[in-house]
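A.B. asks: Below are the sequence and a predicted model; questions follow.
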Amino acid sequence: MKHPTISLPRLIAHRGLSRQAPENSLSAVRAAHQAGIAWVELDVQLLGDGTPVIWHDLGVSRCSDGRGSLRRYDWPQACTLDTGSWFGDHFSGERMASLEAMLALLVELDMGVNLELKVNKGRDPIALVDSVLPRAMQALSPQRLILSSFNQGALAHARDHADTSRLALGALFGSLPGDWHVQCQAVDAFSVHVHWPRLKRPQAKAISEAGYPLICYTVNDPSAFAPRWGWGVTSAISDDPTLFKNFPPHHLSV
């Protein structure tokens, strides 16, 4: 089972540099790049007309001036939403990022991405994969892309369309289930992604011994997280990786 040769950084920016710019926005990715961060984690799902966009929530109210569920919007309507003012006046007029625009920016900045297939309630994982996978694989080299999801069906469908040499899949969990290894083997996963406060040391050891890179989310307290580096954690996803710059261990770099 040959996976792409991916050099994961210790720190990955969650939804872009989301502590300093609106999450999942082009501005947040540019901010991450300007801070010297090589990889970002982003969410992708579909509008009602099937357009893939970089967005986390089921609805639009938290991160825009709109209301209602994402599926009620087509692309022209989504383009009218202000997705920056909620974060700060400086970002007034920010627009929702299409997957196409985000991929173009990642290519321009030579960045890697952990792209989460966000299968919210009532949404179709198969349609999401069919829309996102060809675009992402065409734009980015296998060394610059991890496609992750909580949804096993989405991962399985993605694997059906691309073997391990061409696509790295990340198995995403909250608490690590007892059958995590079976789930990972079923989709030939590249990496395991776990909510860090729920991770136990024996679990981390088992993941490491099985040969999977271990990625923890969402880490915003470098002090509390520090012992986990010794457990074999490969990467931490953080709203602000720059918090780690002046925190031991000093060999860590953004």
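C.D. replies: Right, received. Where do you want to start? Numbering: from 1, shown residues only.
A.B. asks: What segments of the chain are helices?
C.D. replies: 26-34, 75-78, 99-109, 125-139, 152-161, 180-186, 201-209, 222-229 (DSSP state H).
A.B. asks: now the ones you listed in a markdown table, with distance to Asp43?
C.D. replies: C-beta: built from backbone N, CA, C; applies to glycine. A markdown table is the format used below for these (distance: least, CB to CB, whole Å):
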| stretch | distance to Asp43 |
| --- | --- |
| helix 26-34 | 12 |
| helix 75-78 | 15 |
| helix 99-109 | 11 |
| helix 125-139 | 11 |
| helix 152-161 | 13 |
| helix 180-186 | 21 |
| helix 201-209 | 23 |
| helix 222-229 | 22 |
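A.B. asks: Mean neighbour count, those helices: which tops it?
C.D. replies: Of those, the one with the most neighbours on average (mean count of other CB atoms under 10 Å) is helix 26-34, at a mean of 22.
A.B. asks: Return the residues in contact with the nearest residue to Phe173 once chain neighbours are set aside.
C.D. replies: Excluding the flanking residues, the one nearest Phe173 by CB to CB, 6 or more residues apart in numbering is Val194, at 5.3 Å. Val194 makes contact with Phe173, Gly174, Ser175, Leu176, Gln203, Ile207, Leu214, Ile215, Cys216, Tyr217 under the criterion CB atoms under 8 Å, 6 or more residues apart in numbering.
A.B. asks: The third one reaches Arg198, doesn't it?
C.D. replies: Which is Ser175. Yes - under the criterion of CB atoms under 8 Å, Ser175 makes contact with Arg198 at 4.4 Å.
A.B. asks: excluding its backbone neighbours, what's nearest the residue most central in space within the chain?
C.D. replies: Closest to where the C-alpha atoms of the chain average out (CA atoms, centre = their mean) is Glu41, at 3.0 Å. Distance criterion CB to CB, 6+ apart; nearest residue to Glu41, sequence neighbours excluded, is Asn114 at 4.3 Å.
A.B. asks: and the one you found, how many neighbours?
C.D. replies: By the criterion of other CB atoms under 10 Å, Asn114 has 26 neighbours.
A.B. asks: need the contacts of Val194 in TSV with pLDDT and distance to Pro4, can you?
C.D. replies: What follows is the contacts of Val194, written out as TSV (pLDDT from 0 to 100; distance: CB to CB, whole Å):
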residue	pLDDT	distance to Pro4
Phe173	98	22
Gly174	97	26
Ser175	97	28
Leu176	98	24
Gln203	98	25
Ile207	98	19
Leu214	98	17
Ile215	98	15
Cys216	98	21
Tyr217	98	21
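A.B. asks: Run the angle between the least confident helix or strand in the chain by mean pLDDT and helix 201-209 for me.
C.D. replies: Taking mean pLDDT, DSSP states H and E as the measure, the chain has helix 222-229 as its least confident helix or strand, at a mean of 95. Angle, helix 222-229 to helix 201-209, by axes from the mean of the first three to the mean of the last three CA atoms, to 10 degrees: 60 degrees.
A.B. asks: How far away from the center of its chain is helix 222-229?
C.D. replies: Put simply, helix 222-229 sits 21 Å off its chain's centre (CA atoms, centre = their mean, to the nearest Å).
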